[in-house]
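Q: just the structure for this:
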Amino acid sequence: MAISPTGRDQLIKDAQSLPDLVARAQALDPDLAKALTSKALIYSKTIWGNAVALIVSWAVTKYALGWDADTCALVTGLIVMGVTGVLRYLTSQPISGVLK
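A: I've put the predicted structure just below:
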């Protein structure tokens, strides 16, 4: 069940601090709590997904398809750019730092 905009406004108004707001929102408005809670870059799928995309796409273009180095670099770069865009779109929590 989603909270109404008026209920969300009241929730924000009643909170005494950001941690208090997050604690209250976890019970009443989980989407708001998730948006206010950040995570470290090391736990983000963006950084690991890009590394995997780089390794896999380069290996496939080099060894499975046997393309030359310039073509491998171009295709790998395009794939990594695409994966970066998709993963950034899917990331819903803000990044607070490398290790938190």
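Q: any idea how far residue 86 is from residue 72?
A: As judged by Cβ to Cβ, to the nearest Å, residue 86 and residue 72 stand 21 Å apart. Quick note: C-beta positions are derived from backbone N, CA and C, even for glycine.
Q: which one's more surrounded, these two?
A: More crowded of residue 86 and residue 72, by other Cβ atoms under 10 Å: residue 72, with 19 against 13.
Q: so how far is the longest helix seen in the chain off the chain centroid?
A: Longest among the helix segments of the chain by residue count, using DSSP state H, is helix 69-90. Centroid displacement of helix 69-90 relative to its chain, using Cα atoms, centre = their mean, to the nearest Å, is 16 Å.
Q: which positions within that helix qualify as buried?
A: Neighbour counts over helix 69-90 (16 or more other Cβ atoms under 10 Å) mark 72, 75, 76, 79, 80, 83, 87 as buried.
Q: now do stretch 39-58
A: For stretch 39-58, by 16+ other Cβ under 10 Å, it's 44, 46, 47, 49, 50, 53, 57, 58.
Q: need these in JSON lines with secondary structure and distance to residue 37, can you?
A: Converted to JSON lines, those look like this (DSSP: H, G, I helix; E, B strand; the rest coil; distance: Cβ to Cβ, whole Å):
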{"residue": "44", "secondary structure": "coil", "distance to residue 37": "13"}
{"residue": "46", "secondary structure": "helix", "distance to residue 37": "17"}
{"residue": "47", "secondary structure": "helix", "distance to residue 37": "18"}
{"residue": "49", "secondary structure": "helix", "distance to residue 37": "21"}
{"residue": "50", "secondary structure": "helix", "distance to residue 37": "23"}
{"residue": "53", "secondary structure": "helix", "distance to residue 37": "27"}
{"residue": "57", "secondary structure": "helix", "distance to residue 37": "32"}
{"residue": "58", "secondary structure": "helix", "distance to residue 37": "35"}
